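A.B. asks: this one's structure only:
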């Protein structure tokens with residue numbers, strides 16, 4: 001629809017399930033995207049992973065709002081703390097604000113501001 005309307009789009013940025021951090025995670029690909037990682041890394045420990053083939057090999061990474069943009073051929077990034085891959089409270093009654101790491105969330109926001117401010 002954006003293309004049909006002639007609207008330019010440099011990047012779609014999806015902020016997904018931010019606020020919970022854990023040292024352990026279940027994610028099968030480990031790599032870095034240097035540009036964003038460097039800018040955000042001044043604020044928060046950052047692990048960015050490329051997702052080839054529009055995430056079709058890892059369907060769990062397609063569960064957010066960014067995947068339709070991938071499908072339409074746009075650049076899209078999902079910034080996440082891996083939600084259900086890390087957070088034992090995800091979609092349970094124990095998923096309350098006191099289980100969130102708000103200083104981590106603020107650091108992510110600061111990092112994103114620094115990263116996209118340079119775009």
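C.D. replies: Sure, I can see it. Just so you know, these numbers come straight off a predicted model, no measurement behind them.

A.B. asks: C-terminal to the lowest-mean-pLDDT helix or strand in the chain, what's the next element?
C.D. replies: None of the helices or strands of the chain scores lower by mean pLDDT, DSSP states H and E than helix 34-41, at a mean of 72. Remark: after helix 34-41, the chain's next helix or strand is helix 67-71, criterion DSSP states H and E.

A.B. asks: Now the next helix or strand after that following helix: average pLDDT?
C.D. replies: The helix or strand immediately downstream of helix 67-71 is strand 76-80, counting by DSSP H and E. Over the span of strand 76-80, the pLDDT mean works out to 81.

A.B. asks: again, but for stretch 93-110
C.D. replies: 89.

A.B. asks: what about residue 79, how many neighbours?
C.D. replies: 21 (other C-beta atoms under 10 Å). The C-beta positions use only the backbone N, C-alpha and C, and glycine is treated the same way.
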